[in-house]
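1. Sequence and predicted model, in that order:
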Amino acid sequence: MSSTSNILKMLAGIVILAIGVIWYTGPQIGGFFGYWEELKILLKGTIGLFLLFVGLIIAWMGYDDYKMDIEMAKEKKEAKE
């Protein structure tokens, strides 16, 4: 059941992503991109924030792993005694 739920969530995310891209590029045919400039401005504005948050999360995970390693080493040392 969990696998099916995850697949449905992924499909919903892909559909929402596609709708968002169509919203900004416009559904016109023939090489005309309706809101292409606005999409580029949006991407320029959000990529920096995305990098900040991803960097923060990765650093936090690394710090948490570092603390966990120290704690595990301390527990091993106490178990030997």
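-> Structure received.

2. Listing request: residues of this structure with sub-threshold pLDDT.
-> Residues of the chain meeting the criterion pLDDT under 70: 1-2, 23-35.

3. Show me how the record splits it into domains.
-> Annotated domains of the chain cover 1-34, 36-81 [automatic domain parsing].

4. Next, format those domains as CSV and append mean neighbour count.
-> Backbone N, C-alpha and C define where each C-beta goes, glycine included. Below are the domains of the chain laid out as CSV (neighbours: other CB atoms under 10 Å):
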stretch, mean neighbour count
domain 1-34, 10
domain 36-81, 10
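
5. So which elements touch the lengthiest helix in the chain?
-> For the chain, the longest helix by residue count, based on DSSP state H, is helix 36-80. Identification of packing neighbours for helix 36-80 by 3 or more CB pairs under 8 Å, 6 or more residues apart in numbering; DSSP states H and E yields helix 2-25.

6. Taking helix 36-80 as reference, get the angle to the helix it packs on.
-> Helix 2-25 and helix 36-80 are oriented at 150 degrees to each other (axes from the mean of the first three to the mean of the last three CA atoms, to 10 degrees).

7. CA atoms only for helix 2-25 - export them in CSV, please.
-> The C-alpha trace of helix 2-25 is given here as CSV (Å, rounded to 0.1, in the frame of the first residue of the first chain):
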residue,chain,number,x,y,z
SER,A,2,2.8,2.4,0.8
SER,A,3,4.5,1.9,-2.6
THR,A,4,1.3,2.7,-4.4
SER,A,5,0.8,5.8,-2.3
ASN,A,6,4.3,7.0,-3.1
ILE,A,7,3.8,6.4,-6.8
LEU,A,8,0.6,8.4,-6.7
LYS,A,9,2.3,11.2,-4.9
MET,A,10,5.1,11.3,-7.5
LEU,A,11,2.6,11.3,-10.4
ALA,A,12,0.7,14.1,-8.8
GLY,A,13,3.9,16.1,-8.4
ILE,A,14,4.8,15.5,-12.0
VAL,A,15,1.3,16.7,-13.2
ILE,A,16,1.5,19.8,-11.0
LEU,A,17,5.0,20.5,-12.3
ALA,A,18,3.8,20.1,-15.9
ILE,A,19,0.9,22.5,-15.3
GLY,A,20,3.2,25.0,-13.8
VAL,A,21,5.6,24.9,-16.8
ILE,A,22,2.6,25.2,-19.2
TRP,A,23,1.3,28.1,-17.2
TYR,A,24,4.5,30.1,-17.8
THR,A,25,5.4,29.0,-21.3
